[in-house]
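> Need a 3D model of the following:
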Amino acid sequence: MPEHLPRRQVLRTAGALGLGAAAAGALTGPAEAAGTPDRLATMGAHHGKLEIGKAPFGTTPDGKKVDVYTFSNGRMTISMLTWGATIQRVETPDRRGRVKNISLGFDNLPDYAALSPYFGSTIGRYGNRIAKGKFSIDGNSYQIPLNNGENALHGGTLGFDKKVWSAKIVQSAKAVGVAFTYVSPDGEMGFPGELTSTVTYTLDRDDNLRIEYHATVKGKPTIVNLTNHVYFNLGGEGSGPIDGHVLQLNAPKYTPVDATLIPTGEIAPVAGTPFDFTKPTAIGARLRGDHPQLVVGRGYDHNFVLGGKTGADGLRFAARFWEPEDGRTITVHTSEPGAQFYSGNFLDGTFRGIGDRAYRQGDAFAFETQHFPDSPNQPNFPSTVLRPGQTYRSTTVYNFGTK
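Alright, predicted model coming up:
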């Protein structure tokens, strides 16, 4: 292929040939391998084969190298960056076998560093909001930099999403993926204690993406609430609004918020409100209603309190998303007590993603399994305090399918 072709044209050509990220990298150079467009190809004879590859993705301004890991089970493919332990691409077939990338993201490091609203990022130390960035542990007060109006969001101005994580390939007979590790020093972003976090992402032969979080702290107790902020559109990245996606959410209650999106402390029933997804309901069915909570959040941007008991594996059913036209589904199980459902309300079309399409309001959803927002300041919420000698563990599984 001629070397003078523009990057996006080369990548689109690779996509037309049915090549995934690794094969496109052979055409464009390793730093561009993750930018392939939607593929219209089935895996054929390669179904069930676990594979993983690594390529350079870019370099930070201070000289740190960022890599992209691409792993596949022969049916679906996931690409992840060491920048923020970020899910960059999730390529999976629809009911007719047509493969598309269903995860929002960018094809270059500068856009992630400057523009990304946490696309696919591993979030820490504290996912979601902390009121005024303040909290106390054992009578000691701490202040996190404010980056969401008068509140701290997702770990402050330089959270885990903006760090380069170390990475190690994890592979067995049943699954393949990457273990990412980051050591956050005592005092980083105002958080106490030296926190070592390892988050392991593995894809198995049954199209389960398993995320296992593990963290320990040295020196001082701290607060921890790790999650992932992947944005999905099951019709394909950049394909338009997710209003027609159907959601079933195993949550009889949710936590209402104030005008700054901080929980009021109330744990309210969803029954009789637009927040009742206990039966499958289109996301857009009530999205533009005049319920005060929808007005405050410009849509759904709320923590849901998950119901039911955990199974023998420590996980409970959390949610199922279904896109009726192409048939893709995502089913989520988690060990966490809550999940933030976000309907992409603050996407505003000001930047373009992997597929060279603008991302507009409502073009994707995020489903962040978690402890509740502002838990350090809400005594009736489950605690997020981690002390030296204790181990933080959390697991979430996304199953990708069709119907």
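
> contacts for stretch 347-362?
Stretch 347-362 is contacted by residues 8, 34-35, 37-38, 88-89, 101, 104-107, 111, 115, 117, 119, 236-239, 241-243, 284, 287, 298-299, 343-346, 363-364 when judged by Cβ atoms under 8 Å, 6 or more residues apart in numbering. Where C-beta positions appear, they are placed from N, C-alpha and C, glycine not excepted.

> List buried residues within those residues.
8, 34-35, 37-38, 88-89, 101, 104-107, 111, 117, 119, 236-239, 241-242, 287, 299, 343-344, 363-364 (16 or more other Cβ atoms under 10 Å).

> Please flag which of those residues sit within strands.
Counted as lying in strands by DSSP state E, out of those, are Gln88, Arg89, Asn101.

> so, if you compare those residues, which one comes nearest to Gly219?
Nearest to Gly219 among these: Gln88, at 33.8 Å, using Cβ to Cβ.

> For the stretch 51-200 of the chain, just list every one of the strands.
According to DSSP state E, counting those that start in this stretch, the stretch 51-200 of the chain carries its strands in the segments 51-59, 65-72, 77-81, 86-93, 99-101, 122-123, 129-130, 134-137, 140-143, 152-153, 166-171, 175-184, 194-204.

> and Thr60, how many residues sit next to it?
Taking other Cβ atoms under 10 Å as the neighbour definition, Thr60 ends up with a count of 15.

> so it makes contact with Val164?
Yes - counting by Cβ atoms under 8 Å, Thr60 touches Val164, with 6.5 Å between them.

> what do the two both touch?
Shared contacts of Thr60 and Val164, defined by Cβ under 8 Å, 6+ apart, are found at Val66, Trp83.

> low-scoring pLDDT stretches of this structure, where are they?
Counting by pLDDT under 70, the ranges of the chain that qualify are 1-47.

> mind redoing it with 80?
Flagging of the chain using pLDDT under 80 yields the residue ranges 1-48.

> Next up, the contacts around Lys218.
Lys218 makes contact with Asp186, Gly193, Glu194, Thr196, Pro388, according to Cβ under 8 Å, 6+ apart.

> So for the first one, what's the nearest residue that isn't a sequence neighbour?
Using Cβ to Cβ, 6 or more residues apart in numbering and skipping the chain neighbours, the partner closest in space to Asp186 is Glu194 (4.9 Å).

> what residues are up against that neighbour?
Counted by Cβ under 8 Å, 6+ apart, Glu194 has contacts Val183, Ser184, Pro185, Asp186, Val217, Lys218, Gly219.

> Give me the buried entries from the residues you listed.
The neighbour count (16+ other Cβ under 10 Å) marks Ser184, Val217 as buried among these.

> Now tabulate the contacts of Glu194 in TSV and tack on distance to Thr200.
Converted to TSV, the contacts of Glu194 look like this (distance: Cβ to Cβ, whole Å):
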residue	distance to Thr200
Val183	16
Ser184	17
Pro185	22
Asp186	24
Val217	19
Lys218	21
Gly219	25
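
> Select, out of the strands of the stretch 51-200 of the chain, the one closest to Thr264.
strand 129-130 (12.5 Å).

> mind listing what that closest one pairs with, with the direction of each?
strand 152-153 (antiparallel) (DSSP bridges).

> so how far is the partner strand off the chain centroid?
Mean-position distance between strand 152-153 and its chain equals 17 Å (Cα atoms, centre = their mean, to the nearest Å).

> Give me the contacts around that strand.
Contacts of strand 152-153 with the rest of the structure, by Cβ under 8 Å, 6+ apart, involve Tyr126, Asn128, Arg129, Ile130, Lys132, Gly133, Ile144, Pro145, Leu146, Asn147.

> Please repeat the previous calculation with a cut-off of 10 Å.
Outside strand 152-153, the residues that touch it by Cβ atoms under 10 Å, 6 or more residues apart in numbering are 118, 123, 126-135, 143-147, 159, 189-190, 261, 373-374.

> Same check on stretch 144-151?
By Cβ under 10 Å, 6+ apart, the residues outside stretch 144-151 that reach it are 125-126, 128-135, 152-159, 189-191, 223, 259-262, 373-374.

> Around the nearest residue to Pro376 once chain neighbours are set aside, how many other residues sit close by?
Closest residue in space to Pro376, ignoring its immediate chain neighbours: Phe135 at 3.6 Å, by Cβ to Cβ, 6+ apart. By other Cβ under 10 Å, 25 other residues sit near Phe135.

> I figured Phe135 hits Asn225, correct?
No - here Phe135 does not reach Asn225: they are 11.4 Å apart, not a contact under Cβ atoms under 10 Å.

> any common contacting residues for the two?
The contact lists of Phe135 and Asn225 share Tyr126, Ser375, Pro376, Thr384, where a contact means Cβ under 10 Å, 6+ apart.
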